Each structure stands twice: as structure tokens, then as C-alpha cells.
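Asker: Need coordinates for the below:
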Amino acid sequence: MISFKSSTFIKTLPLTVLVWAIMLSTPVNGQSLQSLQNLNGDPIIAPIELIQSIKVNGPTVLLGDIFTNTGDKQTIPVAYSPRPGTRSRFDATWLYRVARAYKLKWRPISTKIQSTVERESAVVSKDEILDVLLVALIDNGADADMEIELAGRTGNIYVPAGSVPELTIEDIVYKQKSRRFSAVLAAAVDGANTERFRLTGRLNKVTEIPVFNRRVLSREIIAERDITWQRVRLDRLPKDTVLSMETLIGKTPLRGIKAGVPIRQSIVKQPVLAPKGSLVTIVLRMPRMTLTAKGKALQDGGEGDIIRVANKESKTVIEAEVIGPGKVAVQILSQIASRN
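Answerer: Reported below is the predicted structural model:
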């Protein structure tokens with residue numbers, strides 16, 4: 001607490017210094033500023049100022065939400081609040097009319113002056129909406145293995161802050177042939193105020209497909225640990241999309257494939273077990289006899305592929321089936337028959 005024992009000292013202080021000394025020695029809020037007095041006993045009136053960015057949590061905007069130092073007028077409602085999740089703007093003309101109506105000493109310094117009010121809100125997410133809607137569609141004959149595509153509405157629904165809305169579907173119409181629907185979503189707040197939203201759209205068939213859970217590089221051998229399952233719309237899949245995990249295991253991609261994307265059959269193949277130019281063992285199978293020889297692969301080959309191989313000794317080029325890493329097999333009778 002600041003005290004002044006000398007009245008002569010007080011009179012010699014500048015007015016602004018004295019005011020600040022009083023403010024520092026006394027708890028001051030927006031209301032007590034108006035009760036301060038100068039040396040002559042006249043009240044010191046705090047200036048009325050515009051609040052340009054306002055957040056409200058109720059159905060109305062109060063005078064004290066817009067202007068400072070409004071005293072006992074601060075709780076007077078002057079406008080309706082915007083809908084939850086939206087904003088309203090008060091322009092200079094409207095603000096000046098309100099100030100004059102309630103005898104506030106304020107006027108805009110420019111016609112561009114404005115105040116923006118935002119209603120505090122809670123969000124009802126799109127996922128919550130889709131969950132409630134899908135249950136209602138299933139009750140009306142829709143297949144449970146479907147994905148909802150909303151027409152127009154893609155965002156969230158907003159309700160007053162602090163409320164927990166109860167969502168229900170009203171007046172639903174579902175056409176199985178076209179898989180199109182229309183419905184009314186009711187969001188009841190505190191069992192009283194109910195907001196209603198019209199929803200339209202269609203259902204799309206979905207399925208689960210195997211995708212990689214990491215980026216798989218070219219020539220890597222695909223294992224079960226590299227695969228996860230992803231739910232996707234059927235109408236968005238390429239025609240040659242791999243639909244079974246067994247089709248992938250043991251194969252290798254022709255190029256790197258990112259995680260989470262559909263895998264096409266045309267970009268995976270059996271791994272190269274006999275690279276072009278590598279030495280291979282040629283297995284010659286004949287009745288009651290199996291011979292081996294060394295050869296050179298003239299093409300890349302995976303398991304089960306038929307490739308051209310040059311015998312290292314005779315230089316003869318034959319066709320052989322890749323049966324393992326660095327190993328090919330040839331039926332000698334088929335080779336003789338092909339030559340004849």
C-alpha cells in the first residue's frame with residue numbers, strides 16, 4: 001500500500017503520476033476505474049473501447065462483449081449470437097448506433113472499423129455422423145459391408161460448447177437398386193434444442209485388399225510380415241489389383257511400391273533365380289538317368305520361367321525351366337523333338 005503523508009507533496013505531483021499511484025495501491029478492475037477521482041473530486045472516466053475480436057458462449061451478444069468499461073450496462077443483450085461454429089461481423093455503422101442507443105462515448109474513427117464475434121462450439125465429427133447413418137441404413141436394407149459417400153456435406157457439425165448432442169436419424173429413404181439415400185440428422189442438445197441437417201448420398205461396395213505396411217523395393221522378396229489389410233472401395237480399384245495375400249508372398253516387385261497403395265498383378269513377379277549372364281547348373285532329365293552340366297543364362301528367369309541357356313562346353317543354346325536359385329532343368333526328349 002502506498003501512502004502520502006504530505007498534502008503539499010501530493011499537490012505537487014502531476015495528475016497522471018497520482019492516478020497511477022492510486023491504481024497501484026488499490027485493486028483495480030474494469031469497474032473501479034470509473035470510480036477514481038482527480039484532485040478536484042471529479043470522477044475519472046475510463047475510455048470506452050471497442051473489442052474487435054469476440055468469443056461468446058451463449059445465445060446472445062452482450063454490450064459488455066463488444067465495448068469495455070460499460071459499467072452496469074455490460075449485461076444488456078444487443079444481438080443474437082451466430083450459430084455454433086460460425087462468425088458474425090458488426091460494421092462501424094451498427095456499432096455506432098448501439099453506442100448511441102446506450103449513451104456510450106464512443107464513435108468509430110473509420111468506416112472500416114468492425115468487430116467479429118465467434119460462437120464457442122463443440123464438434124460433432126464426420127465419423128460420428130457416418131456411424132449413426134450407417135446403422136439406420138442397415139436397418140432399412142443396406143448391406144453392412146458398404147462405405148457412405150455424402151453428397152455436398154463433407155465437414156463437421158457444430159453445437160453449443162459444453163453440450164453433448166444426441167444424434168438420431170429421421171425420415172430416411174434408401175433405394176437398394178441405386179444405393180442412394182436421403183435422411184434427416186437430428187442433433188438434440190440437452191434434450192431440448194434440436195438442430196436438423198439434411199443428408200444425401202450413396203453407398204459404395206468395399207472390400208479388403210492386401211497392401212504393404214512399408215515401402216518395398218525392387219527385387220525384395222515379399223514376406224507375410226510386409227503385408228497388412230486395407231478397406232477400399234471396389235469401384236476405385238484397378239482391374240488387376242491383387243486381392244489375396246498368397247498371390248504376393250514369395251514374389252518381388254518390379255519397382256519400389258509405397259505402403260498402403262493397391263498392388264497390381266502386373267508389377268509383381270517371381271524373383272529372379274537365374275539372372276541374365278550368371279552361371280547356372282543345367283539338369284538333364286532322362287529315363288533312369290539325370291545328368292548335370294554348366295551353362296550360362298541368356299535371360300533373367302524366376303521359378304517356373306522358361307529361359308534360354310548356353311551350354312558352357314558345347315556352346316549349344318537350349319531352353320530350360322528355372323527350378324531354383326542358379327538351377328535350370330531340361331527334358332532332353334523335348335529338345336530332340338523340337339529339333340526334328
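Asker: now for the helix or strand hosting Glu128, which elements pack on it?
Answerer: Per DSSP states H and E, Glu128 falls inside helix 126-139. Using 3 or more C-beta pairs under 8 Å, 6 or more residues apart in numbering; DSSP states H and E as the contact test, the elements touching helix 126-139 are strand 146-150, strand 166-175, strand 180-189, strand 193-212. (Each C-beta comes from the backbone N, C-alpha and C, glycine too.)
Asker: so of those strands, which one's packed in deepest?
Answerer: Across those, averaging neighbours per residue (mean count of other C-beta atoms under 10 Å) puts strand 180-189 on top, at a mean of 18.
Asker: which residues touch it?
Answerer: 124, 129, 132-133, 136-137, 140, 142, 157, 159-160, 163, 165-175, 194-203 (C-beta atoms under 8 Å, 6 or more residues apart in numbering).
Asker: Mean pLDDT added to the helices and strands packed on helix 126-139, as a markdown table?
Answerer: Listed next are those as a markdown table, based on pLDDT from 0 to 100:
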| stretch | mean pLDDT |
| --- | --- |
| strand 146-150 | 90 |
| strand 166-175 | 90 |
| strand 180-189 | 88 |
| strand 193-212 | 89 |
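Asker: beta partners for Arg233?
Answerer: Val206 (DSSP bridges).
Asker: count of residues packed around it?
Answerer: As a burial measure, Arg233 scores 13 neighbours (other C-beta atoms under 10 Å).
Asker: May I have the residues that are in contact with it?
Answerer: By C-beta under 8 Å, 6+ apart, the neighbours of Arg233 are 147, 204-206.
Asker: ok so, going back, how about the helices and strands packed on helix 126-139 in a markdown table, adding distance to Glu313?
Answerer: As requested, these are arranged in a markdown table below (distance: least, C-beta to C-beta, whole Å):
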| stretch | distance to Glu313 |
| --- | --- |
| strand 146-150 | 63 |
| strand 166-175 | 74 |
| strand 180-189 | 72 |
| strand 193-212 | 44 |
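Asker: so which of the ones you listed gets nearest Val317?
Answerer: Among the helices and strands packed on helix 126-139, strand 193-212 comes nearest to Val317, with 38.6 Å by C-beta to C-beta.
Asker: about what we covered before: so which of the contacts of Arg233 comes closest to Leu217?
Answerer: Out of those, the member with the shortest distance to Leu217 (by C-beta to C-beta) is Val206, at 29.4 Å.
Asker: surely the closest one meets Asp235?
Answerer: No - Val206 is beyond contact range of Asp235, at 9.5 Å (criterion: C-beta atoms under 8 Å).
Asker: before we move on, the earlier item: in CSV: the contacts of Arg233, plus distance to Gln331.
Answerer: Formatted as CSV, those follow (distance: C-beta to C-beta, whole Å):
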residue, distance to Gln331
Glu147, 52
Asn204, 51
Lys205, 47
Val206, 48
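Asker: Which two among the residues you listed are spaced furthest apart?
Answerer: Checking the contacts of Arg233 with C-beta to C-beta, the most distant pair is Glu147 and Lys205, at 7.9 Å.
Asker: domains for the protein, by residue range?
Answerer: Domain assignment of the chain by automatic domain parsing yields the ranges 53-119, 125-205, 207-269, 272-339.
Asker: Which one of those lies nearest to Ala46?
Answerer: Taking these one by one with C-beta to C-beta, domain 53-119 is closest: 4.4 Å.
Asker: The closest one: end-to-end distance?
Answerer: End-to-end distance for domain 53-119: 11 Å, by C-alpha to C-alpha, to the nearest Å.
Asker: Just the mean pLDDT for it, thanks.
Answerer: Across domain 53-119, the average pLDDT comes to 92.
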